[in-house]
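Colleague: Coordinates for the following, if possible.
(one chain, ligands or ions: 1)
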Amino acid sequence: MELLTTRAELRAWRNKVHGSVGFVPTMGALHEGHLALARQSLKDNPWTVVSIFVNPRQFGPNEDYERYPRTLESDVRLLESLGVSVVFAPPVEEMYSPEDEVVLSLTRLSRLWCGGYRLGHFDGVALVLTKLFHLVAPTTAYFGEKDFQQVRLVEKLVEELFFPIRIVRVPTVREPDGLAMSSRNAYLSPRGRAQAVALYKTLEYIQTLVPQYMLTEDLLREGRQYLETRFPEVKLEYLAIVDEYSLERIEHLRQSAAPRILIAAYVEGVRLIDNMPLRVPEEEEAV
Ligand code: PAF
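Modeller: Numbering: from 1, shown residues only. Take a look at the predicted model:
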């Protein structure tokens with residue numbers, strides 16, 4: 001495995017290899033969710049590149065850029081043991097010039113849901129991925145469904161900018177109690193960790209109410225009530241039922257062939273997100 005830190009090294013490597021190249025972009029602090037992406041890429045491609053770059057442009061001024069966990073050595077060891085071809089771990093200066101003048105925005109998808117609360121976050125994601133896609137020139141790139149809005153944004157970015165890259169969604173990897181794996185789970189105390197399962201439990205609870213309730217307003221009300229009574233320490237940011245293609249809110253489950261519940265909440269000041277497709281029994285499905 002090669003550990004590369006400059007664009008020039010990466011370009012030189014890329015110019016030498018032929019055949020399909022799988023790409024897994026990460027910010028490091030790797031967990032089983034990231035490893036699932038890498039394993040899928042290793043299965044599908046003779047070459048796999050994993051990037052490790054904590055992207056300053058996707059953090060707001062009061063967010064956790066400085067304290068975001070950085071565990072490069074152990075990440076590299078893990079990826080080497082899996083059989084990854086290249087780890088690309090550039091310093092910030094390799095990815096952004098001092099002028100740092102480009103802004104890339106998806107006018108609708110950047111601003112919905114998480115984008116409404118984390119201003120500029122998805123613009124930063126779109127920009128860094130555009131740069132990385134140019135440098136790595138992968139044939140396929142792998143993204144976890146845990147960050148569902150990010151997946152949709154990347155799919156749209158690739159479509160609009162004509163990147164010849166296939167985007168593969170990989171299902172969320174969960175802890176045994178259902179908590180979605182995330183690098184930010186490491187910030188939680190044991191007490192907070194016990195509360196963090198609230199997101200998954202709320203999604204599951206809402207699912208049990210279908211088809212008894214088909215209006216999303218009812219489902220969301222019941223879901224919010226469940227969260228408030230069972231997990232009073234968890235501060236809900238948003239809970240929404242959307243069409244998973246447009247990410248627009250829906251009012252009736254029959255309105256969408258693929259409804260999905262999205263949730264974002266704070267536990268001990270740590271922002272966590274999760275989502276789940278909402279299964280609608282066949283006789284109730286959209287016609
Ligand atoms: O999901 C992440 O870890 C980041 O948003 C990504 C895709 C690596 C871009 O910095």
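
Colleague: got a list of contacts for stretch 129-143?
Modeller: 7, 10-11, 14, 20-25, 37-38, 40-41, 44-45, 49, 51, 53, 88, 95, 104, 150-151, 154, 157-158, 161, 163-170 (C-beta atoms under 8 Å, 6 or more residues apart in numbering). C-beta coordinates here come from the backbone N, C-alpha and C atoms, glycine included.

Colleague: That should have said stretch 63-78, apologies.
Modeller: Outside stretch 63-78, the residues that reach it (C-beta under 8 Å, 6+ apart) are 1, 3, 26-30, 35, 52, 54, 56, 59, 87, 89, 118, 183-184, 186-187.

Colleague: If you count neighbours, what's buried in that stretch?
Modeller: Going by neighbour count (16 or more other C-beta atoms under 10 Å), the buried part of stretch 63-78 is 68, 75-76, 78.

Colleague: Need the buried ones from the contacts of stretch 63-78 selected in PyMOL.
Modeller: For the buried members of those, the matching PyMOL selection, counting by 16+ other C-beta under 10 Å, is:
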select buried, resi 26+27+28+29+30+35+52+54+59+87+89+118+183+184+187
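
Colleague: Keep only those of the contacts of stretch 63-78 that are in helices.
Modeller: Under the assignment DSSP state H, the contacts of stretch 63-78 contribute L35 to helices.

Colleague: Take the contacts of stretch 63-78 and keep only those in strands.
Modeller: With DSSP state E as the criterion, strands contain 3, 26, 52, 87 from among the contacts of stretch 63-78.

Colleague: could I get these as TSV with pLDDT and distance to Q212?
Modeller: Formatted as TSV, these follow (pLDDT from 0 to 100; distance: C-beta to C-beta, whole Å):
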residue	pLDDT	distance to Q212
L3	98	54
T26	98	40
I52	98	46
V87	99	49
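
Colleague: Intersect these with the contacts of the ligand.
Modeller: T26 (C-beta under 6 Å from any ligand atom).

Colleague: of all the ones in strands among the contacts of stretch 63-78, which comes closest to L215?
Modeller: In terms of C-beta to C-beta, no member of those lies closer to L215 than T26, at 38.9 Å.

Colleague: In space, what's closest to the closest one - neighbours in sequence excluded?
Modeller: Distances taken as C-beta to C-beta, 6 or more residues apart in numbering put H34 closest to T26, at 5.2 Å, once the chain neighbours are dropped.

Colleague: list the contacts for the one you found?
Modeller: Applying C-beta under 8 Å, 6+ apart, the residues near H34 are 24, 26, 50, 144.

Colleague: For the ligand, see how far away it is.
Modeller: Note on H34: its distance to the ligand, by C-beta to the nearest ligand atom, to the nearest Å, is 8 Å.

Colleague: What of R67?
Modeller: Using C-beta to the nearest ligand atom, R67 is found at 16 Å from the ligand.

Colleague: which phi and psi does that residue have?
Modeller: Reported as degrees, to the nearest 10, the phi and psi values for R67 are phi -100, psi 0.

Colleague: Report how many residues lie close to the nearest residue to E175 once chain neighbours are set aside.
Modeller: Using C-beta to C-beta, 6+ apart and skipping the chain neighbours, the partner closest in space to E175 is M181 (6.5 Å). Around M181 sit 17 other residues, with neighbours defined as other C-beta atoms under 10 Å.
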